[in-house]
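[1] pasting the structure only:
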């Protein structure tokens with residue numbers, strides 16, 4: 001029986017993790033071919049950036065709506081719909097002959113991306129045993145990082161060997177294959193009998209969860225931490241070149257060290273979170289984010305040797321990754337069982353909102369020739385995230401303390 005449960009958990013975690021990797025791959029489907037798009041369409045950097053902003057704004061708004069749909073029709077259908085939209089977006093982008101068509105393709109991709117967090121987390125919560133849930137969240141985070149890492153390699157490699165259109169068109173096969181995997185394994189992803197169902201509007205109303213302070217503190221946590229992540233993804237390498245006079249290759253290596261260490265941190269964070277008692281997950285987040293914020297401020301001051309840039313970026317990534325599974329378990333405990341899709345939709349829309357705002361903010365700092373402020377603000381937003389994590393934990397314990 002235990003081995004059967006292990007096989008079931010492993011299957012669900014693997015399927016959801018692979019789907020999440022596809023989602024993150026598509027975050028960069030346009031950014032990875034910017035060097036080819038710019039001359040092909042005669043675009044400015046601002047016009048290229050606007051394509052990404054549209055993607056994340058649409059995804060953020062769509063995530064909120066997708067959460068309601070997940071609670072009403074089920075996570076499997078919504079997830080399959082999102083994968084289909086990603087494949088359609090790739091076909092539209094590959095055939096685009098004008099900037100408005102690129103914008104339309106980016107919009108479709110944003111709609112497809114919107115479904116993953118509410119659908120993924122609902123499936124993990126419904127179909128993975130509690131003992132392995134932290135590991136499920138860990139794999140979910142790692143797969144996202146791997147999707148980010150794979151996109152530039154795949155798209156850039158195919159574009160260099162053939163054309164950017166071939167690269168984008170070929171990428172349509174990735175969500176299409178994933179869609180088939182989900183379809184043929186749908187029986188293993190269906191909610192178990194007796195799983196909580198969404199409450200009908202006659203009871204508390206489908207928007208009642210919005211009155212919970214923890215929902216908005218969770219949204220704030222994602223929004224703030226995603227702004228910091230957006231700064232790291234967009235301008236950390238450029239800032240390091242200006243602050244430490246390192247080569248662009250070394251700065252890119254520092255970013256790679258951040259991403260790889262973040263994935264390793266998520267793996268370790270899954271074991272840490274699995275052994276922690278309920279209500280203690282914010283402790284891991286506080287320690288990890290405090291370390292990351294402190295090291296970001298240290299880099300901003302430019303008081304360390306240039307040789308330390310790569311290892312310090314690695315430690316920042318490691319600390320940020322360790323916090324991931326604890327973060328997801330903390331948010332899970334804040335979600336009412338009968339509104340998980342809606343809660344995850346609203347909460348994780350903060351991620352898209354932060355990723356949409358971050359590049360604009362940090363780009364303005366670089367335009368103002370303030371590279372040190374990039375890392376100062378990264379540290380600041382990570383520190384502010386700590387406050388929201390503590391607030392989430394305190395709100396969750398409050399009812400227990402009142403009963404005691």
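    That came through, no problem. Small disclaimer: the values here were computed from a predicted structure and weren't measured.

[2] nearest residue to residue 51 other than its sequence neighbours?
    Closest residue to residue 51 apart from its sequence neighbours, by C-beta to C-beta, 6 or more residues apart in numbering: residue 106 at 4.7 Å. Quick note: C-beta positions are derived from backbone N, CA and C, even for glycine.

[3] following the helix or strand the one you found falls within, which helix or strand shows up next?
    Assigned by DSSP states H and E, residue 106 belongs to helix 99-113. Using DSSP H and E, the helix or strand that follows helix 99-113 in sequence is helix 116-127.

[4] what sits up against that following helix?
    8-9, 12-13, 16, 19-20, 23, 63, 66-67, 70-71, 75-76, 78-79, 82, 133, 136-137, 140, 188-192, 195, 328, 332, 340-342, 344-345, 348, 351 (C-beta atoms under 8 Å, 6 or more residues apart in numbering).

[5] Return the set of buried residues in the helix holding residue 106.
    Buried residues in helix 99-113, counting neighbours by 16 or more other C-beta atoms under 10 Å, are found at 99, 102, 104-113.

[6] packing partners for that helix?
    If you count contacts as 3 or more C-beta pairs under 8 Å, 6 or more residues apart in numbering; DSSP states H and E, helix 99-113 packs onto helix 2-27, helix 34-41, helix 45-73, helix 75-94.

[7] do you know which of the ones you listed lies nearest residue 224?
    Nearest to residue 224 among those is helix 45-73 (14.5 Å), distances taken as C-beta to C-beta.

[8] Show me what that closest one is packed up against.
    In terms of contacts (3+ C-beta pairs under 8 Å, 6+ apart), helix 45-73 is packed against helix 34-41, helix 75-94, helix 99-113, helix 116-127, helix 340-367.

[9] Looking at the ones you listed, which is nearest to residue 300?
    helix 340-367 (11.1 Å).

[10] Show me how far stretch 29-45 is from its chain's centre.
    Taking C-alpha atoms, centre = their mean, to the nearest Å, one finds the center of stretch 29-45 at 24 Å from the center of the full chain.

[11] distance between the ends of it?
    Using C-alpha to C-alpha, to the nearest Å, one end of stretch 29-45 lies 16 Å from the other.

[12] Low-confidence ranges, the stretch 201-350 of the chain, go.
    Counting by pLDDT under 70, the stretch 201-350 of the chain contains low-confidence ranges at 201-206, 277-279, 334-340.

[13] Output the helices and strands packed on helix 99-113 in CSV; the columns should cover mean pLDDT and distance to residue 384.
    Listed next are these as CSV, based on pLDDT from 0 to 100; distance: least, C-beta to C-beta, whole Å:
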stretch, mean pLDDT, distance to residue 384
helix 2-27, 89, 23
helix 34-41, 90, 30
helix 45-73, 87, 19
helix 75-94, 97, 31
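
[14] nearest to residue 381, of the ones you listed?
    Taking C-beta to C-beta, helix 45-73 is the member of these nearest to residue 381, at 16.5 Å.

[15] Would you mind getting the angle between the closest one and helix 34-41?
    110 degrees (axes from the mean of the first three to the mean of the last three C-alpha atoms, to 10 degrees).

[16] tell me which residues of helix 45-73 are tucked away?
    48-71.

[17] rewinding a little: please tabulate the helices and strands packed on helix 45-73 in a markdown table, including the columns distance to residue 162.
    Formatted as a markdown table, those follow (distance: least, C-beta to C-beta, whole Å):
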| stretch | distance to residue 162 |
| --- | --- |
| helix 34-41 | 11 |
| helix 75-94 | 12 |
| helix 99-113 | 19 |
| helix 116-127 | 29 |
| helix 340-367 | 29 |
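
[18] Out of these, flag the one nearest residue 232.
    Judging these by C-beta to C-beta, what sits closest to residue 232 is helix 340-367, at 8.7 Å.

[19] List the buried residues of the closest one.
    Going by 16+ other C-beta under 10 Å, helix 340-367 has these buried residues: 340-359, 361-363, 365-366.

[20] repeat for stretch 368-383
    Here stretch 368-383 shows 371-383 as buried, counting by 16+ other C-beta under 10 Å.
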